[in-house]
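Trainee: How does the following fold in three dimensions:
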Amino acid sequence: MLLGLGIALALAPHARAQEGEASQIEEERGTLEQAQHEAADARQESGIEVGLYPNAEFYPGMHFSEFDASAYQPGARMRVTVPVAPNAAMRLIVRGSATLTDFSNVSQNLFDPGGPKTGQDPYGNLYQSSVQLQGGWRSPWKGLITDDETWTLAGEVFARARWEEGFAFTEAIDGGGALGVGYQVGKWLEILAGAGVESRRFSGGIGIFPVVEINWEFAPGWELRQRGRGGEIQYDVNEDVSLFATGGLRSRSYRLADRPGVGETRLRDRFAPVGLGVRWDARPGVELTLTAGVLLDHQMKVQTSNGDELGHVGSGPSPFVTFQVELRPDRLGRVPRAVGEPRAQGDPDGAGSSSSMSRSR
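Mentor: Numbers count the residues shown, from 1 in each chain. Okay, here's the model as predicted:
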């Protein structure tokens, strides 16, 4: 029920955006909530923090109407956080991944005109990368609503690219920025609301998207997280192990390499991942996350820059498995946290992961 509430909250602000456009940047961004969190906890004596997040995603057994496919997506992220004042912090996030797909039983290549071309894969290797610079400032405002509150301002600028092998990386770059106001009560509730803008190089113009992020510790050891169009409920079994359920809607667009007689095109990939996972603090500074579940309503289409659709295929439910390692050298040797103590959110949005809202994005 609570997971459904989180997803419903996630869907509401995006319903007014054009289909999938607002989420295109968001998926590859670390959440502004983490900049809010770091600004709220900033101290003069805090040092530089570095996080490394190698990960892998597996998508076997996807049965589309015109072909079968299995995909493997290795990736990695790096985050560097620097306190710049007693009440402010900045962080840099760099990430990249590749989607390697094995096709079989290709009956028709819907991504090219001219009829069936069964000797060709529908598309080649897909790549994505992004760079974000975020900052947060803890304000001196107190007592506006409660005595135990913290207000912060958080913002970011970002650039990202998604492209097919053979397309020019520099032609796929889009960018933008976002600004939000964060409100925190103790350690049990964090809310951030704001808005951002992004370029739309493929279709032209710019887009505006909302930012709504919530962390709610509604009972000891239980936490609800909402990011964009996804939600997660986590339960801390003990100081080392946490279980979680996750779900949401995801959308990604890739610029495709030139195809004769087609012009500029992009591949739209949309799906709804639902899964269960476990996080294990193997030791201070090392955390392992494993998620398994099902992709629902998986749709892929190819569109031209004026919105015309060249091809559209859909897949029934298919499994996925993701694995992530979090390496935090700055936390080596620290005392493990106790049950009920908020987990340090080194990478809260999992957002490089297609399936998890866990610690990205």
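
Trainee: Only C-alpha atoms from now on, for both contacts and neighbour counts.
Mentor: OK.

Trainee: tell me which element the closest residue to residue 237 other than its chain neighbours is part of?
Mentor: Nearest residue to residue 237, sequence neighbours excluded (C-alpha to C-alpha, 6 or more residues apart in numbering): residue 243, at 7.0 Å. Secondary structure from DSSP states H and E places residue 243 in strand 241-248.

Trainee: Work out the gap between the helix or strand just after that strand and the centre of the chain.
Mentor: Following strand 241-248 in sequence order, the next helix or strand is strand 250-255 (DSSP H and E). When distances are taken as C-alpha atoms, centre = their mean, to the nearest Å, strand 250-255 is centred 12 Å away from the chain's centroid.

Trainee: Run the chain-centre distance for the strand holding residue 243.
Mentor: Worked out by C-alpha atoms, centre = their mean, strand 241-248 lies 15 Å from the chain centre.

Trainee: What of stretch 223-236?
Mentor: 13 Å.

Trainee: Which of the helices and strands in this structure ranks last by mean pLDDT?
Mentor: In the chain, the helix or strand scored least confidently by mean pLDDT, DSSP states H and E is helix 21-26, which has a mean of 34.

Trainee: ok, now which ones touch the closest residue in space to residue 303 that isn't next to it in sequence?
Mentor: Spatial nearest neighbour of residue 303, chain neighbours left out: residue 309 (4.5 Å); criterion: C-alpha to C-alpha, 6+ apart. Shown in contact with residue 309 (C-alpha atoms under 8 Å, 6 or more residues apart in numbering): 301-303.

Trainee: out of those, who has the most neighbours?
Mentor: residue 302 (23 neighbours; other C-alpha atoms under 10 Å).

Trainee: Surely that residue and residue 270 touch.
Mentor: No. If you go by C-alpha atoms under 8 Å, residue 302 and residue 270 don't touch, sitting 11.7 Å apart.

Trainee: Now do the phi/psi pair for the nearest residue to residue 323 once chain neighbours are set aside.
Mentor: Distances taken as C-alpha to C-alpha, 6+ apart place residue 290 nearest to residue 323, at 4.7 Å, with adjacent residues excluded. Dihedral angles of residue 290 (phi, psi; degrees, to the nearest 10) stand at phi -120, psi 130.

Trainee: roughly how far apart are residue 290 and residue 326?
Mentor: Counting by C-alpha to C-alpha, to the nearest Å, the separation of residue 290 from residue 326 is 12 Å.

Trainee: Between the two, which has more neighbouring residues?
Mentor: Counting neighbours by other C-alpha under 10 Å for residue 290 and for residue 326 shows that residue 326 has the greater number, 22 against 19.

Trainee: Residues contacting the helix or strand that contains the more buried one, please?
Mentor: Assigned by DSSP H and E, residue 326 belongs to strand 318-327. Under the criterion C-alpha under 8 Å, 6+ apart, residues 51-63, 285-296, 353, 355 lie in contact with strand 318-327.

Trainee: re earlier: tell me which of the contacts of residue 309 is nearest to residue 208?
Mentor: residue 303 (21.2 Å; C-alpha to C-alpha).

Trainee: can you tell me which residues contact that closest one?
Mentor: Per C-alpha under 8 Å, 6+ apart, neighbours of residue 303: 265-268, 309-311.

Trainee: Now with 6 Å, please.
Mentor: Residue 303 is in contact with 265-266, 309-310, counting by C-alpha atoms under 6 Å, 6 or more residues apart in numbering.

Trainee: Which strand or helix spans it?
Mentor: strand 286-304.

Trainee: Who is the residue nearest to residue 323 paired with across the strands?
Mentor: residue 278, residue 323 (DSSP bridges).

Trainee: quick one: it and residue 277 touch, right?
Mentor: Yes. Using C-alpha atoms under 6 Å, residue 290 makes contact with residue 277 at a distance of 5.4 Å.

Trainee: Surely residue 259 is within a strand?
Mentor: No. Secondary structure of residue 259 (DSSP: H, G, I helix; E, B strand; the rest coil): coil, not part of a strand.

Trainee: May I have the predicted confidence score for it?
Mentor: Note for residue 259: predicted pLDDT of 77.

Trainee: can I get the CA coordinates of the following helix or strand past the strand holding residue 303 in PDB?
Mentor: Per DSSP H and E, the first helix or strand lying C-terminal to strand 286-304 is strand 309-315. Presented in PDB, the C-alpha positions along strand 309-315 are these (Å, rounded to 0.1, in the frame of the first residue of the first chain):
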ATOM      1  CA  GLU A 309       6.800   6.800 -35.800                       C
ATOM      2  CA  LEU A 310       8.800   4.400 -37.900                       C
ATOM      3  CA  GLY A 311       8.500   1.300 -35.800                       C
ATOM      4  CA  HIS A 312       7.000   0.100 -32.500                       C
ATOM      5  CA  VAL A 313       7.400  -3.200 -30.700                       C
ATOM      6  CA  GLY A 314       6.300  -4.400 -27.300                       C
ATOM      7  CA  SER A 315       7.400  -7.200 -24.900                       C
END
